[in-house]
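Trainee: From the sequence below, what's the structure:
(one chain, ligands or ions: 1)
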Amino acid sequence: MPSSASPSTHRVTGSERVGPYTLLRLERGGLDPGNPGQFFMLEAPGRLLPRPFSLCLAPPGELAFLVDPIGPGTEALCGLGIGDEIAVLGPLGCGYRLDVDRPLLVGGGIGIAPLPYLAEKLGGSPPVVLGFRTEEHAEAAALLPGAEVAVDPVLVTELIGPGFDVMACGPEPMLHAVAALCPTAQLAWEAPMACGYGACYGCVVEIDAALKRLCLEGPVLDAHRLNGHVRYLVPAESAGAVSR
Ligand code: FES
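Mentor: Numbers count the residues shown, from 1 in each chain. Okay, the predicted model is just below:
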């Protein structure tokens, strides 16, 4: 359940381009940054429903989110300027377990979003491997200094060595490939989310061979818990209501 059922209003303190993405900084106010991999619902100006984003960075007094402008909601968020205000709810869901011995952070595309905050919370600069589809997208690797980077056609899975406690976030095919290589990996999944706290059932997927709400069970799950492909119960056209 959310720490507070009501969203609070937060002022934009910065908006920076990172390759094709935007790093949106918000005044933290009274919000707890939560555990890495948890998410926040951000109001998308002019759109009916908020959008889910995992926390990217937690500088003092701020919360920062990495946004990929791929739809009307995310484009509206990327268009915000300093001083604008939006409603924020969170932290929500279950993030990564941090009690690992030999972490390896694995990110693909916009899936690198939770990894800077995860690296900070793990301490000691854990190794990071990242995959992007273009050199422009790969500019976002600057958020994780020292990361090893693969650009298409090289796959990030080619950079994963044996013996690591893998903690991954990225597109679904990448997560399945990581799960096949590392059955004990912790993986952050994505599904359409309209509320973020269990009320709308828009995020129901098959977890542990039963239909469950990803916003409550995850979005971070041990690899064995979501074996099949994410199967949305809402038809694609309905899911479009909460498209990015
Ligand atoms: Fe509404 Fe999960 S997002 S139930």
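
Trainee: First-to-last residue distance for stretch 57-68?
Mentor: Distance between the boundary residues of stretch 57-68 (Cα to Cα, to the nearest Å) amounts to 16 Å.

Trainee: Tell me how far E16 lies from I70.
Mentor: In this structure, E16 and I70 are separated by 18 Å, where distance is defined by Cβ to Cβ, to the nearest Å. No exception for glycine: its C-beta is placed from N, CA and C like everyone else's.

Trainee: For the two, indicate the residue with more neighbours.
Mentor: I70 (13 against 10; other Cβ atoms under 10 Å).

Trainee: Now that one: closest residue in space that isn't a chain neighbour?
Mentor: R244 (5.1 Å; Cβ to Cβ, 6 or more residues apart in numbering).

Trainee: who touches the one you found in this structure?
Mentor: For R244, the contacting residues are R51, D68, I70, G71, G73, T74, taking Cβ atoms under 8 Å, 6 or more residues apart in numbering as the criterion.

Trainee: Check what contacts the helix of greatest length in the chain and list those residues.
Mentor: In the chain, assigned by DSSP state H, the helix with the most residues is helix 172-181. Around helix 172-181, the neighbours that count as contacts under Cβ under 8 Å, 6+ apart are 106, 108, 111, 131, 155-157, 160, 166, 168-170, 185, 187-190, 223-224, 227, 229-230.

Trainee: now do 7 Å
Mentor: 106, 108, 131, 156-157, 160, 166, 168, 185, 187, 189, 223, 229-230 (Cβ atoms under 7 Å, 6 or more residues apart in numbering).

Trainee: Stretch 50-68 now?
Mentor: Contact partners of stretch 50-68, identified using Cβ under 7 Å, 6+ apart, comprise 13, 18, 21-28, 31, 33-34, 37-44, 73-74, 77-78, 110, 113-114, 116-117, 188, 193, 196, 244.

Trainee: near the ligand at all, that stretch?
Mentor: No. Applying Cβ under 6 Å from any ligand atom, one finds that stretch 50-68 is not in contact with the ligand, the shortest distance being 7.5 Å.

Trainee: Tell me how this structure divides into domains.
Mentor: Here the chain is described, according to automatic domain parsing, as comprising the domains 8-92, 103-225.

Trainee: could those domains go into TSV alongside mean pLDDT?
Mentor: Output for these, formatted as TSV (pLDDT from 0 to 100):
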stretch	mean pLDDT
domain 8-92	97
domain 103-225	95
